[in-house]
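**Student:** using only what follows, build the 3D model:
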Amino acid sequence: MDPVDAPESVEAEPAAPVEPEPASAAQIAGDRIDVLRAFTADLAERGEPLGLIGPLEPPRLWTRHVLNSAILAPLITSGARVADIGTGGGMPGLVLAIVRPDARFLLIEPMERRCAWLSEQIEHLGLENVEVRRGRAEEYHDAFEVDQVTARAVTALRTLVPITAPLLRDGGEMLFLKGTSVEAEIRAAEKVLRKHRVTGALVEELGTGLLAETTRVFRATVERGSRAE
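**Tutor:** Alright, predicted model coming up:
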């Protein structure tokens, strides 16, 4: 073959640099920081090939994903049983299980390869307060009740509430990480919130002074004792 006609070799795009650990990480994770570092390092190395994070995520892995999840830890009740819906690569459920060993977590995830990743991380990190359940949240209605349920970037509230409310005990709490449109989501979900007896809905901002961008959390309680009309 004439050298002129030879196909040109295509150089692979260099991997995006991984975000350095922010100074606030140790403050947020406390004495669990080494475990959180090990998880984040593995996610940075293998997350994109496994389809857990996109190619643009490594430069913001700590702030946008790991710490965005970990900042929810103070709202987890000590001794609580918590279900995390659509855990994906571990946010927020596995991150919370790392930071809050005093609570128990059920990671509900429908994709087999993600479940395999989560199970591998649990074993590798030596976590004893968390287990993986493969499937969708609605498949576990009537299977168990939990004290709190978490979710991050799953779906809008009007869809998320019906699939998560049945997992909660009477008086159980929803803790959903949300974006800037959360107030509009609440307005759009008013009928759904009433139907599922969800009360006390509010939005809290977490991470002031710790994160470059605060994290919005939708908080509400399921009260089955008296139906909200």
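
**Student:** CA atoms for contacts and neighbours, from now on please.
**Tutor:** Fine.

**Student:** what's the longest strand seen in the chain packed up against?
**Tutor:** Taking DSSP state E as the criterion, the chain has its longest strand at strand 168-178. Applying 3 or more Cα pairs under 8 Å, 6 or more residues apart in numbering; DSSP states H and E, one finds that strand 168-178 contacts strand 146-152, strand 215-222.

**Student:** paired strands for the shortest one, with orientation please.
**Tutor:** I take that to be strand 146-152. strand 81-85 (parallel), strand 168-178 (parallel) (DSSP bridges).

**Student:** flag the shaky bits of the chain, pLDDT-wise.
**Tutor:** Within the chain, the segments meeting pLDDT under 70 span 1-15, 226-229.

**Student:** middle-most residue in it, spatially?
**Tutor:** The residue lying closest to the centre of the chain (Cα atoms, centre = their mean) is residue 92, at 2.3 Å.

**Student:** assign a three-state SS to the closest residue to that residue other than its chain neighbours, would you?
**Tutor:** Spatial nearest neighbour of residue 92, chain neighbours left out: residue 69 (4.6 Å); criterion: Cα to Cα, 6 or more residues apart in numbering. Here residue 69 is recorded as helix under DSSP: H, G, I helix; E, B strand; the rest coil.

**Student:** how many neighbours does residue 69 have?
**Tutor:** The number of residues packed near residue 69 is 22, by other Cα atoms under 10 Å.

**Student:** how about the contacts made by it?
**Tutor:** Contacts for residue 69 (Cα atoms under 8 Å, 6 or more residues apart in numbering) come out as 91, 92, 93, 95, 96, 177.

**Student:** out of those residues, who's nearest residue 53?
**Tutor:** Checking these against residue 53 with Cα to Cα, the nearest one is residue 91 at 10.8 Å.
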